[in-house]
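Chemist: this one's sequence-less:
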């Protein structure tokens, strides 16, 4: 591009044209003029014109070299190989600093190669706007020789080129599988190293105090082996070799801990952040996580979610840290949060930690993990749809207990569309191959019956722990606990013709009348409930059922897994009438309601129902904790009873769905039903008597819970009940500024629409 030198040079050219034209006009009019004299008058102008032509030709030659260099620089700036090696780090308000520096270096070397000996005067020859255009502008001043007569000292020239309107060339880089990877393999020490917010690092030596940094610093605290810069807030980033904290790492030889040691072993919660440009499109974030402090009540489940509300229940304190750590009985030692935020002012937004004692990087929470059994790494996947191109901050932050013992992080990958390779299946391997997780045959504790074939008085089912494998230690390895009974802690046991062993239970209590004595509770239907920590997957519930009252008018058994509203309504209509029957256990006979034997089985997420507060005290009136955290003093005061069902108008989508229902069976029946769990959580299994309150009802025995496999299993059950979970619902979108995520996808990641 030719740049008009200056207004002064324009005036020189105008003056030169005027002088020539005037001289020629005079020559034409003065026919008797002396030719020699006229030539003497014209020759200075001719010579000046020739000199100006030489100066201008030199300026044009320099302009051509600048234009050629600008064009070559644009071609260089669009090479994928240059983008790949130069834009792994984005910083500064105009895009990738390393990218711009690389192109400017190419411009300098190209000008030297073209023997352009003049100084290029544009301070920033290559400019790149975030998500926008790239241009090259080169300028120089060509010294004048002949035009100095007219006081023109130099001729300014320029060469420009427009590289692109949008960063399509940057997209060439992002179209590769991995946009960002981090395995923390760049360690300063063979075993463990601290990286501080100010960019310094040190080998592990407790006693070196590290003060907390609650403000963002533009200094890179840690640079990964692939060149990714991480900015640190809090105390530090701790990089540990396999064997230091965990026996293994997810990949390579090192992993990272974000609750690093502040030097005295009393604190360490920290965050790491990196910034990258994301054009509009689909992405997947993967990372590996494991806990360092053991919570035996949870083992072997992992506890992760897409929202903080998913894990609000996970506040167990039964923890055991490494020997000598002093972190036993603490809450949420292993928590790591993941954030994604659009860049607005060059620094990531921040959040306050759970206890409000620190400010760390990140605002838009897109994933979090509270627990995974130590040395049992899991892999998380977050599906992201960017709707507004721009620079985004990816941050990981420790949370929960701030005591220098936290979860471990490894193998971070941010990919366009989906990352290559299969996503790890996190379903506990110890639960595969149809693992029986829990079984209660109601044989322990053994009862001492005082009358033939009648219910045992004074029995609390809270001491019926069930078994896990070959042990009797509760579920799965937590302190021994039994069933919670409602509305009173007292249950009928029978020892006559059990389907296995010698004991079974009936769900319509009649204890006060067995010995003709009064007790503090009233005759009523009973429910028994107990909780289980479950990961997403398919499970099977089995139990044995029979009716206490056998009716001569009923000849068929009536049970249904995942019963329909029509089925329940039909049974309810029939059940409200009476007929002649006899109790096969006690020998009683007479008229009874057909619904006396109704038993419903429920499974519910503990965040959506009123959960019973268990007690070992006989006749204890059960209290309930409602979903809002309030306490109900009795079953009737509970806001969301976990065994509520309207049989005449059943809503299958209610928060506590009926997974199995038996109205009648004239002999013991083994029932089997299937459930699907879509979020890690605490789930309550409940068996409830639903019919007439008449001291006789349905009986159950041998309750089992079996794990079948993960949500990815090739042959899931053909029919199952999906247990409702709190929002966000699995597969739903959660929107943030510039992007949205898919919460808890049920299947391996696929492209977002």
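Modeler: Okay, I see it. Source: prediction; values computed, not measured.
Chemist: show me what contacts residue 326?
Modeler: Applying CB atoms under 8 Å, 6 or more residues apart in numbering to residue 326 gives the contacts residue 265. The C-beta positions use only the backbone N, C-alpha and C, and glycine is treated the same way.
Chemist: switch to 10 Å and redo it
Modeler: Contact partners of residue 326, counting by CB atoms under 10 Å, 6 or more residues apart in numbering, are 265, 266, 403, 405.
Chemist: Below-threshold pLDDT in the stretch 351-500 of the chain: ranges please.
Modeler: Scanning the stretch 351-500 of the chain for pLDDT under 70 picks out 449-458, 468-480.
Chemist: try 80 this time
Modeler: 447-460, 467-481 (pLDDT under 80).
Chemist: ditto for the stretch 51-200 of the chain
Modeler: Checking the stretch 51-200 of the chain against pLDDT under 80 turns up 51-57, 75-99, 113-117, 128-133, 144-153, 164-178.
Chemist: which residue ranges form the strands in it?
Modeler: Ranges of strands in the stretch 51-200 of the chain, per DSSP state E, counting those that start in this stretch, are 126-128, 134-143, 154-164, 178-182, 192-195.
Chemist: Show me what the first one packs onto, helices and strands only.
Modeler: In this structure, strand 126-128 packs against helix 35-77, helix 97-113, strand 134-143, strand 154-164, with contacts taken as 3 or more CB pairs under 10 Å, 6 or more residues apart in numbering; DSSP states H and E.
Chemist: ok now the shortest one, how far from the chain's centre?
Modeler: Using CA atoms, centre = their mean, to the nearest Å, we find the averaged C-alpha position of strand 134-143 to lie 49 Å away from the chain's own average C-alpha position.
Chemist: Out of the contacts of residue 326, give me the one that has the most neighbours.
Modeler: residue 405 (25 neighbours; other CB atoms under 10 Å).
Chemist: List phi and psi for that residue.
Modeler: Main-chain torsions, residue 405, degrees, to the nearest 10: phi -130, psi 110.
Chemist: thought it was touching residue 334?
Modeler: Yes: Residue 405 lies in contact with residue 334 (CB atoms under 10 Å); the separation is 8.2 Å.
Chemist: which residues are common contacts for those two?
Modeler: Counting by CB under 10 Å, 6+ apart, the shared contacts of residue 405 and residue 334 are 257, 259, 291, 292, 293, 319.
Chemist: What residues are bridge-paired with the first one?
Modeler: To tie it back to what came earlier, the one meant is residue 257. residue 238, residue 408 (DSSP bridges).
Chemist: same question, residue 488
Modeler: Going by DSSP bridges, residue 488 forms beta bridges with residue 621.
Chemist: Quick check: which of the strands of the stretch 51-200 of the chain is nearest to residue 651?
Modeler: The closest of the strands of the stretch 51-200 of the chain to residue 651 is strand 178-182. By CB to CB, the value is 45.3 Å.
Chemist: Note down every partner strand of that closest one and its orientation.
Modeler: Applying DSSP bridges, strand 178-182 is found paired with strand 408-416 (antiparallel).
Chemist: Can you name the residues bridging to the closest residue to residue 552 other than its chain neighbours?
Modeler: Counting by CB to CB, 6 or more residues apart in numbering, residue 580 is the residue found nearest to residue 552 once chain neighbours are left out, at 5.9 Å. Note on residue 580: beta-bridge partners by DSSP bridges are residue 591.
Chemist: quick one: contacts for residue 580?
Modeler: 549, 551, 552, 553, 589, 590, 591, 592.
Chemist: distance of it from residue 391?
Modeler: Shown here: residue 580 relative to residue 391, a distance of 80 Å by CB to CB, to the nearest Å.
Chemist: Next: residue 306.
Modeler: Per CB to CB, residue 306 is found 23 Å from residue 391.
Chemist: Name the residue in those two with the higher neighbour count.
Modeler: Neighbour totals were compared for residue 306 and residue 391, and residue 306 leads with 25 against 21 (other CB under 10 Å).
Chemist: dump the residue contacts of the more buried one.
Modeler: 338, 365-368, 380, 382-383, 679, 728, 730, 732, 734, 741-745.
Chemist: Chain neighbours aside, what residue packs nearest to residue 440?
Modeler: Per CB to CB, 6+ apart, closest to residue 440 is residue 466, 3.4 Å.
Chemist: if we can go back for a sec, could you flag which of the contacts of residue 580 are buried?
Modeler: Buried members of these, counted by 16 or more other CB atoms under 10 Å: 549, 551, 592.
Chemist: Against residue 506, how distant is the residue lying closest to the second one once chain neighbours are set aside?
Modeler: Nearest residue to residue 551 in three dimensions, chain neighbours excluded: residue 581, at 4.3 Å (CB to CB, 6+ apart). As defined by CB to CB, residue 581 lies at a distance of 15 Å from residue 506.
Chemist: Could you do residue 275 as well?
Modeler: Computed as CB to CB, the residue 275 to residue 506 distance reads 65 Å.
Chemist: okay, these two: which has more neighbours?
Modeler: residue 506 (24 against 19).
Chemist: need the contact list for that one.
Modeler: Contacts of residue 506 (CB under 10 Å, 6+ apart): 455, 491-494, 526, 546, 548, 585, 597, 599, 689, 695-700.
Chemist: With residue 547 instead?
Modeler: 554, 557-558, 581, 583-584, 594, 596-599, 662-669, 691, 696-699.
Chemist: Among these, which are located in strands?
Modeler: Per DSSP state E, strands hold the following members of the contacts of residue 547: 558, 581, 583, 599, 662, 663, 664, 669, 698, 699.
Chemist: what stretches of the stretch 651-753 of the chain score poorly on pLDDT?
Modeler: For the stretch 651-753 of the chain, the ranges with pLDDT under 80 are 695, 745-753.
Chemist: can you rerun that using 50?
Modeler: 750-753 (pLDDT under 50).
Chemist: hey, where'd the strands end up in it?
Modeler: 658-664, 669-677, 681-689, 698-709, 721-722, 733-736, 739-742.
Chemist: The last one pairs with which strands, parallel or anti?
Modeler: This means strand 739-742. When sheet partners are counted by DSSP bridges, strand 739-742 sits next to strand 378-386 (antiparallel), strand 733-736 (antiparallel).
Chemist: And those: which comes nearest residue 351?
Modeler: Residue 351 lies closest to strand 733-736 among those, at 13.4 Å (CB to CB).
Chemist: Identify the residues contacting the closest one?
Modeler: Applying CB under 10 Å, 6+ apart, the set of residues contacting strand 733-736 is 306-307, 339-342, 363-366, 383-385, 387, 727-728, 740-743, 752.
Chemist: one more time with 7 Å, if that's ok
Modeler: With contact meaning CB atoms under 7 Å, 6 or more residues apart in numbering, strand 733-736 is reached by 306, 364, 728, 740, 741, 742, 743.
Chemist: now stretch 203-218
Modeler: Outside stretch 203-218, the residues touching it (CB under 7 Å, 6+ apart) are 188-189, 191-194, 196-198, 202, 231, 233-236, 261-265, 347-348, 358-359, 361.
Chemist: So which bits of that stretch are buried?
Modeler: 204, 210, 212, 213, 216.
Chemist: now, among the residues you listed, which is nearest to residue 122?
Modeler: The closest of the buried residues of stretch 203-218, once distances to residue 122 are taken by CB to CB, is residue 216, at 32.5 Å.
Chemist: distance of the closest one from residue 285?
Modeler: Here the criterion is CB to CB. By it, residue 216 lies 21 Å from residue 285.
Chemist: And residue 665, by the same measure?
Modeler: 51 Å.
Chemist: Which residue, other than its chain neighbours, is closest to the residue nearest the centre of the chain?
Modeler: Centroid-nearest residue in the chain, with CA atoms, centre = their mean: residue 367, separated by 2.3 Å. Nearest non-adjacent residue to residue 367, counting by CB to CB, 6+ apart: residue 338, 4.2 Å away.
Chemist: Can you name the residues that contact that neighbour?
Modeler: By CB under 7 Å, 6+ apart, the neighbours of residue 338 are 366, 367, 368, 382, 396.
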